[in-house]
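Q: Test case, fold it:
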Amino acid sequence: MGNWAVNEGLSIFVILVWLGMNVFLFVWYYRVYDNGEKYYYTRKLLGSALALARAPAACLNFNCMLILLPVCRNLLSFLRGSSACCSTRIRRQLDRNLTFHKMVAWMIALHTAIHTIAHLFNVEWCVNARVKNSDPYSIALSEIGDKEGENYLNFAREKIKVSLSFPDLDVP
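A: Residues are numbered from 1 along each chain as shown. Modelled structure (predicted):
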């Protein structure tokens, strides 16, 4: 057990710090967009999907920045040749760079899926508010920007008339 801790300790520490940073970024930005006064009206229009789109976006920024570091050949060569970190344990960790690169890629895939699904909900709720298939407050927020020179909150600008009658169907 002692040899395993010595051999794998640094790898486990790096992975835990990386996972901790992802959890911290997700929770921090979720709370910023879910509770911030600055986003009150947007949150009222989009619901919790605003925070669910922005939180994984922050994690995506972090992981996309990080994904190239483990495969940067010049950086790895410099660290291996540097006398400051030339111990055998650290060199062994540097040899596991592709495993960490793959883990970061899987995290990017996960956050991309969450981010995309949240944006699909955003579009659905914006269109529902625009076609008056939502609560009155969201409908009123969607109508801001209809007059010339006004800024708008809802990006769905077309007013679509929804008809619930189906003349082609013969319903008794």
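Q: Just give me the neighbour total for residue 60.
A: 18 (other Cβ atoms under 10 Å). Every C-beta, even on glycine, is put in place using the N, C-alpha and C of the backbone.
Q: likewise the one 3 residues further on?
A: For residue 63, the number of neighbouring residues by other Cβ under 10 Å comes to 24.
Q: Please apply the same query to residue 142.
A: Residue 142 has 26 nearby residues by other Cβ under 10 Å.
Q: Hmm, residue 75 and residue 69 touching each other?
A: Yes: taking Cβ atoms under 8 Å as the definition, residue 69 is a contact partner of residue 75 at 6.7 Å.
Q: check contacts around the residue most central in space within the chain.
A: Ranked by distance to the mean C-alpha position of the chain (Cα atoms, centre = their mean), the top residue is residue 56 at 1.7 Å. Contacts for residue 56 (Cβ atoms under 8 Å, 6 or more residues apart in numbering) come out as 26, 111, 112, 114, 115, 118.
Q: For the residues you listed, which two are the farthest from each other?
A: Maximum pairwise distance among the contacts of residue 56 (Cβ to Cβ): 13.5 Å, between 26 and 112.
Q: picking that back up, dump the contacts of residue 56 to TSV, plus neighbour count, distance to residue 105 and secondary structure.
A: Formatted as TSV, these follow (neighbours: other Cβ atoms under 10 Å; distance: Cβ to Cβ, whole Å; DSSP: H, G, I helix; E, B strand; the rest coil):
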residue	neighbour count	distance to residue 105	secondary structure
26	21	18	helix
111	23	11	helix
112	16	10	helix
114	17	15	helix
115	18	15	helix
118	20	21	helix
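Q: What is the nearest of the residues you listed to residue 49?
A: residue 118 (4.7 Å).
Q: what's the spacing between that closest one and residue 124?
A: 11 Å (Cβ to Cβ, to the nearest Å).
Q: Kindly report the same for residue 73.
A: 45 Å.
Q: packing partners for whichever strand or helix holds residue 41?
A: Using DSSP states H and E, the element containing residue 41 is helix 40-46. On a contact count with 3 or more Cβ pairs under 8 Å, 6 or more residues apart in numbering; DSSP states H and E, helix 40-46 meets helix 49-66, helix 97-130, helix 136-143.
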